[in-house]
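Asker: Next comes the sequence, and after it the predicted model I'd like to discuss.
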Amino acid sequence: MKPISAQTLHRPAAPPNADQAHYRPETAGFRRICTRLLSGLPSATDELARFCMTVLRKISAPIRGTAVTRPFRRRRQASASPCGSYVFRPPRPPRDLHRRLGALTNPPLFSVAAATRDATPHLLERQAASVLAQWYPNWELILVDDASVRHAAAGSLRGLADPRIRTLRSAQQTGIAAATNAGLAHARGDYVVFLDQDDELTADCLYELALRIDRDDPDVIYSDEDTIAPGGRLTQPFFKPDWSPDTIMSLMFARHVLCVRRALLERVGGLRPEFEGSQDYDLVLRIAEHTGRISHVAKVLYHARRHETVAPPDRGDASRRARIAALARRGLDGSVEPVPQAPGHFRVHYQIRGTPLISIIIPTRDNAEVLGRCVRSIVRLSTWRNFEIIVMDNGSVSPDAVETLRQLADHACVTVIPHDRPFNYSEINNAGARHARGELLLFLNDDTEVIMPDWLERMAGYAQLGHIGAVGAKLLYPGTRTIQHAGILNLVDGPSQALAHRDADDPGYFLRGLVEYNWIAVTGACLMIERTKFEAAGGFDERLPIAYNDVKLCFALLDAGLYNVTCSAVELLHYESKTRGLDHMSREKLARLASERKYLYEKHPHFFQCDPFYSSRLRADGAVRAD
């Protein structure tokens, strides 16, 4: 095999499967015209080729994209990705790159660590090329060959002459975790960047990491990523949330690219071979217990190669054991359960601590049928019996409602509080909280129905965690098993429901529909919170009588350093807005919504068109936005 020269590798790497690189149609056509013309030149040198390309680019500018070049254009291939029409455009270095690099106050040295075993030579060369093509020059690449039998790394990279690349070889196969640790023992960098076998960095990866380090001085950085399919096509982008402590217990989203301060990595003990297959997951869970300085670069900086092979059978078990170990270290009583709809994936079920009283606060007015159904379902199905129900009667006058309230008041666990005032959702729930005796408050719409026995235990297990603010549940439309609520998004148009009208068993984008995710907010139709946190946040803002009061409470909890979570294992039926009607029914209501939304962002301007827990590259339904 002819070795790749170091000079060639220093050039910015071409995108994988370059014939499918997604440029503008007129640019792609122009490149093909130039290629055809240059192919007729006898043995053109690189310098001549670049010169000719420059000349042709200048003289063709007036006709590019017009009918003249139409015969040379190719129709853009439709994306086969389930994530929609994803397009990765290779980054271009800024014109003032050298100035920006020179402006870094303390440029870090990155140790890029990669363990390999029997890697395909040309893929190993591509991996090394992706590091050599970095805009940021202050790095070292440590390749550890874990006793390869077929292809030794040193032989595959024999043509490389860059002193920043070091190749080590294990005497015997020890596994990826142990081999990586062996490489880390030789690392000199301030930060370690993990690079899996056959994967590639984008050309701006280390540059973006250096910028983030210069700005925030984090201990850990992770980025968005995509996948190199077997044919070379870039697909399956993973646009990630900012750091989310409950999401990480459901899904390892911080794998690629993963950059860790070397001093912290040494303090926690590196990778643990007993978690082989999920060694990076175990590492991230341990690191998160030592630092909160975790940064997310919301940009694809890593291409993870997908092979046509089956994942090791112990990988799922290793990730399960990593979660169990994390619970034990943190002193939390919980179990790790498989997700039935997603084999190989797991969720954490936190056990409720002690025997707290849960106060269920239900506002109502003239809703005899739905209120009766709601209360009966709670009393009949709930296995957690230490609860009280506070029914806030907002001036019911219909005979059926009055009779239903009288009957409910006869239950030992139900208290009916007359509250005949103009409707204000925030005020009536705040009043209910003052009447409640519980350590945990559950605000519940009267048009909901309980359908599972352990709903209170599951929600309370999360609500009792010190870092949790509000806990929501998955609310379903009756009779259809489609989602009404699974979390709240905060996109360009303001707060909206996530995954609305999706099937309840649909995994959604990276399991958002099935496992516990942190969200910017959860709906007040079913919201549990510890009383002390509710009071510290100021309760519901009574200047928001109808809409966005739940969102504003959740914003206040985030500002206090807490996280909101949807407990997706809990499902209730929600006969949506039967109590007060739908907010899109009249111009008056639309005007009111606009006014309350304006007030929400006046109080929390940093959240205007900003959702740290949901990428701006995604639509509300979880599909990738077209560029």
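Answerer: Done, it's in.
Asker: And the nearest residue to residue 452 once chain neighbours are set aside, how far from residue 440?
Answerer: Of all residues not flanking residue 452 in the chain, residue 571 sits nearest, at 6.2 Å (Cβ to Cβ, 6 or more residues apart in numbering). No exception for glycine: its C-beta is placed from N, CA and C like everyone else's. According to Cβ to Cβ, to the nearest Å, residue 571 and residue 440 sit 19 Å apart.
Asker: sorry, back to before: need the contact list for the residue nearest to residue 452.
Answerer: By Cβ atoms under 8 Å, 6 or more residues apart in numbering, residue 571 lies in contact with 451, 452, 455, 473, 474, 475, 476, 504.
Asker: Name the member of these with the most neighbours.
Answerer: residue 473 (29 neighbours; other Cβ atoms under 10 Å).
Asker: burial measure for the nearest residue to it once chain neighbours are set aside, as a count.
Answerer: In space, and not counting its chain neighbours, residue 473 is closest to residue 570: 4.0 Å by Cβ to Cβ, 6+ apart. Here the number of neighbours of residue 570 (other Cβ under 10 Å) works out to 24.
Asker: In the stretch 301-450 of the chain, what residue spans correspond to strands?
Answerer: Using DSSP state E, counting those that start in this stretch, the strands found in the stretch 301-450 of the chain span residues 334-338, 346-350, 358-364, 387-393, 414-418, 440-444, 448-450.
Asker: What average pLDDT does the first one get?
Answerer: When pLDDT is averaged along strand 334-338, the result is 96.
Asker: next one: the third one
Answerer: The average pLDDT within strand 358-364 is 97.
Asker: what packs against that strand?
Answerer: Packed against strand 358-364 by the contact rule (3 or more Cβ pairs under 8 Å, 6 or more residues apart in numbering; DSSP states H and E) you find helix 368-381, strand 387-393, helix 425-435, strand 440-444.
Asker: how does it look with 10 Å?
Answerer: helix 368-381, strand 387-393, helix 399-409, strand 414-418, helix 425-435, strand 440-444, helix 455-463, strand 526-530 (3 or more Cβ pairs under 10 Å, 6 or more residues apart in numbering; DSSP states H and E).
Asker: ok, it: who's next to it in the sheet?
Answerer: Strand pairing for strand 358-364, determined by DSSP bridges: strand 387-393 (parallel), strand 440-444 (parallel).
Asker: Name the stretch among the ones you listed that sits most buried.
Answerer: strand 440-444 (a mean of 25; mean count of other Cβ atoms under 10 Å).
Asker: that older thread, just send the strands of the stretch 301-450 of the chain back as a markdown table, with distance to residue 193 too.
Answerer: Listed next are those as a markdown table, based on distance: least, Cβ to Cβ, whole Å:
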| stretch | distance to residue 193 |
| --- | --- |
| strand 334-338 | 29 |
| strand 346-350 | 28 |
| strand 358-364 | 46 |
| strand 387-393 | 50 |
| strand 414-418 | 58 |
| strand 440-444 | 43 |
| strand 448-450 | 48 |
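Asker: For residue 242, find the nearest of those strands.
Answerer: Set against residue 242 and scored by Cβ to Cβ, the strands of the stretch 301-450 of the chain come closest in strand 346-350, at 20.1 Å.
Asker: Partner strands of the closest one, with direction?
Answerer: For strand 346-350, pairing defined by DSSP bridges yields strand 334-338 (antiparallel).
Asker: what comes up buried for the strand it pairs with?
Answerer: By neighbour count with 16 or more other Cβ atoms under 10 Å, strand 334-338 contains the buried residues 334, 336.
Asker: Could you count how many residues lie near residue 466?
Answerer: For residue 466, using other Cβ under 10 Å, the count is 7.
Asker: Quick check, it in contact with residue 562.
Answerer: Yes. Assessed by Cβ atoms under 10 Å, residue 466 is found in contact with residue 562 at 8.7 Å.
Asker: what touches both of these two?
Answerer: By Cβ atoms under 10 Å, 6 or more residues apart in numbering, residue 466 and residue 562 have these common neighbours: 530, 533.
Asker: Output the helices and strands packed on strand 358-364 as TSV; include the columns distance to residue 487 and mean pLDDT.
Answerer: Shown next, in TSV, are those (distance: least, Cβ to Cβ, whole Å; pLDDT from 0 to 100):
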stretch	distance to residue 487	mean pLDDT
helix 368-381	22	95
strand 387-393	25	97
helix 399-409	31	94
strand 414-418	30	95
helix 425-435	20	97
strand 440-444	16	98
helix 455-463	13	98
strand 526-530	12	98
